[in-house]
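[1] The following comprises the amino acid sequence and a computationally predicted model.
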Amino acid sequence: MNRANSYPFFRWPSIKKVFGRELYQAIAFLLSPQLFPIAVLLGTIYPAYTALINIVSILIGIFILIFAIRIIQKRQREYGYATRVKILPVLGVFLGCIIALILVTYIYGLFELTLASQPNQVSLDTMVGRFPVLMFFMIAILAPVTEELVFRELLPNILGASYVSFFTSSFLFVAIHSPSGILGWTSYGIMAAGFLYARLSQRSIYAAIAVHILWNIVSIIT
């Protein structure tokens, strides 16, 4: 990968990188949050062990989180990424996404297009209601770290670090969240664009993580 933000518009991916260690890391981190819905299911089947299941799941999540942060720190040193996150730009990107979403919702409303319930969000809301502490940890902390590591760092590198690979990875990020309808795709697209802008503008994965955490916390609260 080039030094931070010295990416070309397009680069052919290397076969060696496509099937290298980073691919397996990306798959592992992408699948890791799925442990939590499994924990919720087990807690529902065995309610007497809910507390134990929650504790074990959070401990596993902390281990995954530490591993992810170690990889991020290693890549920061290797590629010269910024080590500090600027808070005001992070807040600016977050507010920009909110404003863009409000404007798009208003414009679509003029054409009588409304935001349908998103299957992904509905299932998460249900799990949050049943296991609030466990799911808050997953949604507000673990998922932002692992998803940004995968979609704003590992996958772009696997696909041949370039602006095209960053946009392709962000499209995949939108797709895995299974948005419903044109407004659903637009909403997740705005979110992905904000995360990507934070990542590239500050030369830091942590900037994208910060915006993602803010977004998810607000989604839980509202």
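    Alright, I've got the coordinates. Numbering: from 1, shown residues only.
[2] what residue lies at the spatial centre of the chain?
    When C-alpha atoms, centre = their mean is applied to the chain, the residue found nearest the centroid is residue 147 (3.4 Å).
[3] could you measure it against residue 189, distance?
    According to C-beta to C-beta, to the nearest Å, residue 147 and residue 189 sit 15 Å apart. Using the backbone N, CA and C atoms, a C-beta is placed for each residue, glycine as well.
[4] and what of residue 160?
    Noted for residue 160: a distance of 22 Å to residue 189, by C-beta to C-beta.
[5] repeat for residue 111
    For residue 111, the distance to residue 189 equals 18 Å [C-beta to C-beta].
[6] Please apply the same query to residue 140.
    Distance of residue 140 to residue 189, computed by C-beta to C-beta: 22 Å.
[7] can you check residue 85 too?
    24 Å.
[8] Which helix or strand lies directly C-terminal to the helix or strand of the chain with the lowest mean pLDDT?
    Least confident element among the helices and strands of the chain, by mean pLDDT, DSSP states H and E: helix 119-130 (a mean of 75). Of the helices and strands lying after helix 119-130 in sequence (DSSP states H and E), the nearest is helix 132-137.
[9] Residue 179 is in what secondary structure piece?
    If you go by DSSP H and E, residue 179 is not part of any helix or strand.
[10] now the helices for this protein?
    Taking DSSP state H as the test, the helices found in the chain are 15-18, 21-31, 35-45, 50-79, 87-110, 119-130, 132-137, 143-149, 155-158, 163-176, 181-201, 205-221.
[11] weakest of those by average pLDDT?
    Of all the helices of the chain, the minimum mean pLDDT falls on helix 119-130 (a mean of 75).
[12] helices or strands next to that one in the packing?
    Contacts defined by 3 or more C-beta pairs under 8 Å, 6 or more residues apart in numbering; DSSP states H and E place helix 119-130 against helix 35-45, helix 132-137.
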